[in-house]
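Student: no sequence on this one, just coordinates:
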């Protein structure tokens, strides 16, 4: 069953699961009752300023995986998947590692009536080397709004998931060690409160651009529990 958690609980599980020896397959699907801001590991230096802006109202955490800032909360479904490095699904590189999880998520979203597709690396112009920042998308594969590079959902990387208009539905991040791979995903079930994230990061004017660049999988939050169960079943099937 999907697990109701906070950002601290999710990060603690991720850290323990990728550190376990011997490495083994483990997964969780998360639901967050309360909003929280989760920064990518390269944004660690911003954490103090973000906490100063939000005070005690909103939890702020730094994840061990890369990527941009994420606003978790009731609008999002999270996925954590740990695979042994030797597992074929983990891929031989960071880009390859995203493919299996992305395609499973697409199947779950489509089964719930969401018009979703994964963006393969070849579709992004000048795809970045493994581990580099997100590639610049082709003009016909991304809405016309300027990308918001500091936010996970403000730019597009290989194997992330979009709707028929190219708006981002699912963001991906990962951490790789010698023994294991941690893949994480955030699925936009409904529209987030982008103003919370943008104000906390010091870019209040970016909220409208994030609305243009993203879409939600569900018309209302009432179906989020059902969709999370579909995602969990799709991952477990393989």
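Tutor: Now that the structure is in, tell me what you want to look at. Remember, predicted model here, so these are calculated numbers, not experimental data.
Student: ranges for the helices of this structure?
Tutor: 7-19, 47-54, 94-111, 194-201, 207-213, 224-236 (DSSP state H).
Student: how about those helices in TSV, adding mean pLDDT and distance to residue 176?
Tutor: In short, each C-beta sits where N, CA and C put it, glycine included. Output for the helices of the chain, formatted as TSV (pLDDT from 0 to 100; distance: least, Cβ to Cβ, whole Å):
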stretch	mean pLDDT	distance to residue 176
helix 7-19	97	9
helix 47-54	98	23
helix 94-111	96	7
helix 194-201	98	26
helix 207-213	96	27
helix 224-236	94	19
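Student: Could you dump the ones you listed into TSV and include mean neighbour count?
Tutor: Listed next are the helices of the chain as TSV, based on neighbours: other Cβ atoms under 10 Å:
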stretch	mean neighbour count
helix 7-19	17
helix 47-54	14
helix 94-111	20
helix 194-201	22
helix 207-213	18
helix 224-236	18
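Student: which one of the ones you listed lies closest to residue 146?
Tutor: helix 207-213 (6.4 Å; Cβ to Cβ).
Student: Can you give the contact residues for the closest one?
Tutor: 142-148, 151, 153-154, 167-168, 191, 194-195, 197-198 (Cβ atoms under 8 Å, 6 or more residues apart in numbering).
Student: From these, list just the buried residues.
Tutor: Buried members of these, counted by 16 or more other Cβ atoms under 10 Å: 142-143, 145, 147-148, 151, 153-154, 167-168, 194, 197-198.
Student: Let's see which of those residues end up in strands.
Tutor: residue 168 (DSSP state E).
Student: pLDDT-wise, what's the bottom of the buried ones among the contacts of helix 207-213?
Tutor: On pLDDT alone, residue 142 ranks lowest of the buried ones among the contacts of helix 207-213, at 61.
Student: who's in contact with the closest residue to residue 215 other than its chain neighbours?
Tutor: Spatial nearest neighbour of residue 215, chain neighbours left out: residue 167 (3.8 Å); criterion: Cβ to Cβ, 6 or more residues apart in numbering. Taking Cβ under 8 Å, 6+ apart, we find residue 167 in contact with 143, 212-215.
Student: Go through these and say which is closest to residue 186.
Tutor: residue 214 (10.8 Å).
Student: Roughly how far does the closest one sit from residue 208?
Tutor: 11 Å (Cβ to Cβ, to the nearest Å).
Student: One more: residue 216?
Tutor: 16 Å.
Student: gap between the residue nearest to residue 215 and residue 48?
Tutor: From residue 167 to residue 48 the distance is 32 Å (Cβ to Cβ).
Student: Repeat that for residue 98.
Tutor: Taken as Cβ to Cβ, the span from residue 98 to residue 48 is 31 Å.
Student: ditto for residue 57
Tutor: Counting by Cβ to Cβ - residue 57 and residue 48 are separated by 16 Å.
Student: same deal with residue 185?
Tutor: According to Cβ to Cβ, residue 185 stands 27 Å off from residue 48.
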